[in-house]
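K.L.:
give me the fold of what follows.
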Amino acid sequence: MLALAGLLVLVTPAAADEPLSLSAAVSAALARSRSLDASTAAVQGAREMAVAAAQRPDPVLRLSLDNLPVNGPERFSTTRDFMTMRSIALMQTLPSAEKRRARGERFEREADAALSERAQRVALLQTEVAQAWLERRMQEQRWLLLQSQIAEARVLVQTTEAALRGGRGSTADALDAREALTQLEQGLIGAQAERTNARLTLARFTGGPPDQPLADPPPMRHTTAAVGEADPLRNLPDLVALQAREAVARAEAEVARQELKPDWSAEVMFSQRGSQFS
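P.N.:
The predicted structure is shown next:
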């Protein structure tokens, strides 16, 4: 146990120091998303319900005691009154194959809808994480740029003030340089706050430390619709999810139509009265 703890202590800082790429950030966010786990469970549950719904219902075992007297000399006796009867019955409901198929199809479409909604959540999460990663990189670059500009502005302030003291410069130049430096320093304060917010936002998605360095951005590629693809929008996750929900509605309508048809049922009953009665 101590060896394992030591291994964790050694590995964690190294992982925190490793630059975080865009793809790694997306993978980490997907791995720790609880909503995706719930979606996977919903898909599995709907698949299992589809199997059960397409089967005949379980047979029903029924035990009954009819006409039991509750007063008089024969009260609560199951054998002395000729009207008292003990029965055991087994009943099986027999819905039609079309009805069972419609019930199973409805849950299959529910599973498809849950799967498409999971893909929709994945696409949304990927987009949000990518935006957070790029936002943090932009804020990091902005902060570094301001740092560089401030360093140059300080050199300019020193130069103009030295020229002013030597009688070679003007007061206006020195004041302008000082004002520019002040504006850059104020901008750096805002950039620092934006940088901190961007770091925290990305860390909430990935679960990693906010100060983990970023890797270089991936190459930006121009993507176009496949040649000959009639409708490049048909695979959009939002559209696919809506189409899946439409299929669920159609399946539910078919179930409603089938439920209007009565079911056959079969029942076998064995009844017994007192031995002195036929």
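K.L.:
tell me the buried residues in the strand or helix carrying Gln186?
P.N.:
Applying DSSP states H and E as the criterion places Gln186 in helix 171-206. Neighbour counts over helix 171-206 (16 or more other C-beta atoms under 10 Å) mark 174, 177, 180-181, 184, 188, 191, 194-195, 198-199, 201-203, 205-206 as buried. Every residue, glycine included, has its C-beta placed from N, CA and C.
K.L.:
pick the one among those residues closest to Ala114.
P.N.:
Taking C-beta to C-beta as the measure, Ala114 lies nearest Phe205 of these, at 23.2 Å.
K.L.:
dump the residue contacts of the closest one.
P.N.:
25, 28-29, 125, 128-129, 132 (C-beta atoms under 8 Å, 6 or more residues apart in numbering).
K.L.:
just for the stretch 101-250 of the chain, where's the confidence low?
P.N.:
Across the stretch 101-250 of the chain, the ranges flagged by pLDDT under 70 are 221-234.
K.L.:
go again with 50.
P.N.:
By pLDDT under 50, the weakly predicted segments of the stretch 101-250 of the chain are 223-228.
K.L.:
any idea how far the helix or strand where Thr160 lies is from the chain center?
P.N.:
Using DSSP H and E, Thr160 sits within helix 97-165. Its chain's C-alpha centre and that of helix 97-165 lie 17 Å apart, by C-alpha atoms, centre = their mean, to the nearest Å.
K.L.:
if we can go back for a sec, in the helix or strand following the helix holding Gln186, what's buried?
P.N.:
Scanning forward in sequence from helix 171-206, with DSSP H and E defining helices and strands, the next element found is helix 237-259. Buried residues in helix 237-259, defined by neighbour count with 16+ other C-beta under 10 Å: 237, 240-241, 244, 247-248, 251, 254-255, 258.
K.L.:
before we move on, back to that, the helix holding Thr160 - contacts with which helices or strands?
P.N.:
Helices and strands touching helix 97-165, by 3 or more C-beta pairs under 8 Å, 6 or more residues apart in numbering; DSSP states H and E, are helix 22-31, helix 34-53, helix 171-206, helix 237-259.
K.L.:
can I get those in JSON lines including distance to Ala89?
P.N.:
What follows is these, written out as JSON lines (distance: least, C-beta to C-beta, whole Å):
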{"stretch": "helix 22-31", "distance to Ala89": "54"}
{"stretch": "helix 34-53", "distance to Ala89": "24"}
{"stretch": "helix 171-206", "distance to Ala89": "60"}
{"stretch": "helix 237-259", "distance to Ala89": "25"}
